[in-house]
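Visitor: Starting from these lines, generate the structure:
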Amino acid sequence: MDYLLLIDRTHAIPTDFTPELDNVGSIQLEKNAARACRSMLKAAENSGILIKLLSGYRSREYQRELFRRSVCENIALGMTAAEANAVTARYLAAPGHSEHESGLAADFCTPSADDTEDDFGSTHEGKWLAANSPRYGFILRYPRMKEHITGIAYEPWHFRYTGLPHSLIMAQNGITLEEYLYYYFDIGCGTTYSPRFA
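Guide: Numbering: from 1, shown residues only. As a prediction, this is how the structure comes out:
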């Protein structure tokens, strides 16, 4: 499993990619991401912070339906199809380009919430995750002021499993996955990465 797999608007999930999934409660994640997530949530609970795992693995079909539904809602608000697609793409990845399809992405929320929360980053739960998730192999995937790099608006609820030590290096340097791959690795072809400064 390539835990540094870049999945974004221009890098699709390989067609033969099939994650081995495991459960975290009723949510599925890739098996090592699930193991790390369970440890992370337990550590938060031991610190008196209850964090709800809202979303994990999504099938391509489910991602397609989420995207279609969002576009339709934006059209109903009076946007053209092109505008609706553009607005949707700022907050939701197109099918085949969603980290959730890899099983490596997890969305979190406060215990009482049933959906993502725009202010999650300012909650006790969001602050705990931002500070502690790198120790468990997770990064805040779409941080504030990095939209021009990630192509996605700030999402304080969306965390990505990259594994250790990568998550710690990114957190300590305040960089995104894209920046990490650019400065520390050669993307090359496919999903094979090699140290840039070997």
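
Visitor: how about the longest strand along the chain: buried residues?
Guide: Secondary structure of the chain per DSSP state E: the longest strand is strand 155-161. Of the residues in strand 155-161, 155-161 count as buried by neighbour count, 16 or more other C-beta atoms under 10 Å. For glycine as for every other residue, the C-beta is placed from the backbone atoms N, C-alpha and C.

Visitor: tell me which of those residues is nearest to Arg144?
Guide: Checking the buried residues of strand 155-161 against Arg144 by C-beta to C-beta gives Pro156 as the nearest, at 8.0 Å.

Visitor: For the nearest residue to Lys146 once chain neighbours are set aside, give its distance to Ser102.
Guide: Distances taken as C-beta to C-beta, 6 or more residues apart in numbering put Thr176 closest to Lys146, at 5.2 Å, once the chain neighbours are dropped. Look at Thr176 and Ser102: by C-beta to C-beta, to the nearest Å, they are 17 Å apart.

Visitor: okay if I get the buried residues of strand 155-161 as CSV plus pLDDT and distance to Tyr62?
Guide: Shown next, in CSV, are the buried residues of strand 155-161 (pLDDT from 0 to 100; distance: C-beta to C-beta, whole Å):
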residue, pLDDT, distance to Tyr62
Glu155, 95, 18
Pro156, 98, 23
Trp157, 98, 18
His158, 98, 16
Phe159, 98, 19
Arg160, 98, 18
Tyr161, 98, 19
